[in-house]
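Visitor: Turn this into a structure:
(one chain, ligands or ions: 1)
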Amino acid sequence: MGEPRRVDGSGGDAVLEVACQEFVELVTEHLEGALPPAVERAVVAHLALCDPCVEYLAQVRATTAALAQLPPPTLPEPVRDQLLGLFGRLHPPSPGP
Ligand SMILES: [Zn+2]
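Guide: Residues are numbered from 1 along each chain as shown. Purely as a prediction, here's the structure:
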């Protein structure tokens, strides 16, 4: 117990397996439901075998939920004015003749 199941290539079934590191890389897309169905199934199968990744997923989910509740970041006014000025020079509102 405790060790995630190893894939040694001799497995006969066609179930895709993901390693913990791959799961970490896929977790955002998993939460967004953006994974291809085969990968999604592999992630779910991995979670069924791997408690640390279940915990990691719970942490990421909690963090994402906490971030979603924060107000959108606002820029300090001088910085915003600078950016707006720069943007106005790069993209003149009326490029007429
Ligand atoms: Zn894992």
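
Visitor: CA only for contacts and neighbour counts going forward, please
Guide: Will do.

Visitor: check contacts around the residue of the chain found nearest the ion.
Guide: Residue nearest to the ion within the chain: Cys20 (3.7 Å; CA to the ion). By CA atoms under 8 Å, 6 or more residues apart in numbering, the contact set of Cys20 is Cys53.

Visitor: Where does the residue nearest the centre of the chain sit, in terms of helix or strand?
Guide: The centre of the chain sits closest to Thr28, judged by CA atoms, centre = their mean, with a distance of 2.2 Å. Secondary-structure assignment from DSSP states H and E places Thr28 in helix 20-32.

Visitor: May I have that helix exported as PDB, CA atoms only?
Guide: This file holds the C-alpha atoms of helix 20-32, laid out as PDB (Å, rounded to 0.1, in the frame of the first residue of the first chain):
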ATOM      1  CA  CYS A  20       1.400  11.200 -10.500                       C
ATOM      2  CA  GLN A  21       3.600  13.700 -12.300                       C
ATOM      3  CA  GLU A  22       1.300  13.600 -15.400                       C
ATOM      4  CA  PHE A  23      -1.700  13.900 -13.100                       C
ATOM      5  CA  VAL A  24      -0.200  17.100 -11.600                       C
ATOM      6  CA  GLU A  25       0.200  18.500 -15.100                       C
ATOM      7  CA  LEU A  26      -3.300  17.500 -16.100                       C
ATOM      8  CA  VAL A  27      -5.200  18.600 -13.000                       C
ATOM      9  CA  THR A  28      -6.300  22.000 -14.300                       C
ATOM     10  CA  GLU A  29      -7.700  20.600 -17.400                       C
ATOM     11  CA  HIS A  30      -9.300  17.800 -15.400                       C
ATOM     12  CA  LEU A  31     -11.100  20.500 -13.200                       C
ATOM     13  CA  GLU A  32     -12.100  22.400 -16.400                       C
END
